[in-house]
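**Student:** Please work out how this folds:
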Amino acid sequence: MTSVSIIIGIIAILLSSFSIYLTNQVNKKITEKQTKQDKDISKLSAKQESFIFMTQKQYEKEYNLFWNLFDLLQKTIDKTKSVKGSLQLLHENTETSLEETYIKLIQEGIVKSSEYLNELDNKLDQYEPFIQEEFFRDFKCLIKELRGFQQRRYNYFYYEDVTPDAINSFIRDIESTLNTIDEKRVKIVGFLRAYFENIRTS
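**Tutor:** Numbers count the residues shown, from 1 in each chain. As a prediction, this is how the structure comes out:
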């Protein structure tokens, strides 16, 4: 009996030791797996944070880019509208001595709007690699429309008599051009809103 008890005791010790070994191995595997998962989660989190950061930087960069373009466009339009104001003053003018002053204001307005438009066109070409083809194409059409108006009316009263018909023709040309520009601008703004909304939600 004593021998049997000893053998049973030895077996119990061996089984206990083996059980402890297995438990340690299982715990080790679990720990290793948990550590790996934690590392993977950290990497994924870092990637997500980096993506969010880059997306935000992209948003800010492109927003500033488009803001610059629209700022120059607005300056061009405002200066063109000032030409219309000068034309209306010329139309109402009854003093011959002031006629030359109004004509000078009109010409200066055309020249200044042309300078803004040239800057806008140059900026657009500079930004072309970074903007969407549809936006670039639509903006080029808008610039072409304004350019055509400026070319038609540059130095207009140096070769045309200052008559009510000539002034009214000039005013109608401005109004028609600005209406066309506004339609194109609304289309571009709609495109940009959808584009930036997509960036924010992606």
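
**Student:** Low-confidence regions, this structure specifically.
**Tutor:** 1-33, 35-59, 199-202 (pLDDT under 70).

**Student:** ok, now with 90
**Tutor:** 1-70, 90-91, 93-100, 102-103, 127-136, 138, 152-163, 183-202 (pLDDT under 90).

**Student:** That one: helices as residue ranges?
**Tutor:** With DSSP state H as the criterion, the chain has helices at 2-92, 96-127, 133-153, 156-159, 164-201.

**Student:** Quick check: which helices or strands does the second one pack against?
**Tutor:** What that stands for is helix 96-127. helix 2-92, helix 133-153, helix 156-159 (3 or more C-beta pairs under 8 Å, 6 or more residues apart in numbering; DSSP states H and E). In this view, the C-beta of every residue, glycine as well, is placed from N, C-alpha and C.

**Student:** So Leu117 sits against Ile143, correct?
**Tutor:** Yes - in this structure, Leu117 is within contact of Ile143 by C-beta atoms under 8 Å, at 6.4 Å.

**Student:** Show me which of the two is the more surrounded one.
**Tutor:** A count of neighbours by other C-beta atoms under 10 Å puts Leu117 above the other of Leu117 and Ile143, at 23 against 19.

**Student:** distance of that one from Leu90?
**Tutor:** Separation of Leu117 from Leu90 (C-beta to C-beta, to the nearest Å) stands at 23 Å.

**Student:** Just give the number of residues close to Glu95.
**Tutor:** 8.

**Student:** Equivalent analysis for the one 5 residues further on, please.
**Tutor:** Neighbour count for Glu100, taken as other C-beta under 10 Å: 11.

**Student:** how much space between it and Asn155?
**Tutor:** 14 Å.

**Student:** now do Thr96
**Tutor:** Distance from Thr96 to Asn155, by C-beta to C-beta: 20 Å.

**Student:** Need the CA coordinates for stretch 168-182. CSV is fine.
**Tutor:** Provided in CSV are the C-alpha atoms of stretch 168-182 (Å, rounded to 0.1, in the frame of the first residue of the first chain):
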residue,chain,number,x,y,z
ASN,A,168,-26.9,101.9,-73.1
SER,A,169,-25.3,99.3,-75.3
PHE,A,170,-22.3,99.3,-72.9
ILE,A,171,-24.5,98.9,-69.9
ARG,A,172,-26.5,96.1,-71.4
ASP,A,173,-23.3,94.3,-72.3
ILE,A,174,-22.2,94.6,-68.6
GLU,A,175,-25.5,93.3,-67.3
SER,A,176,-25.6,90.4,-69.8
THR,A,177,-22.0,89.5,-68.9
LEU,A,178,-22.6,89.6,-65.2
ASN,A,179,-25.7,87.5,-65.5
THR,A,180,-23.8,84.8,-67.4
ILE,A,181,-21.0,85.0,-64.9
ASP,A,182,-23.4,84.6,-62.0
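
**Student:** Same question for that stretch: list its buried residues.
**Tutor:** Phe170, Ile171, Asp173, Ile174, Thr177, Leu178, Thr180, Ile181 (16 or more other C-beta atoms under 10 Å).
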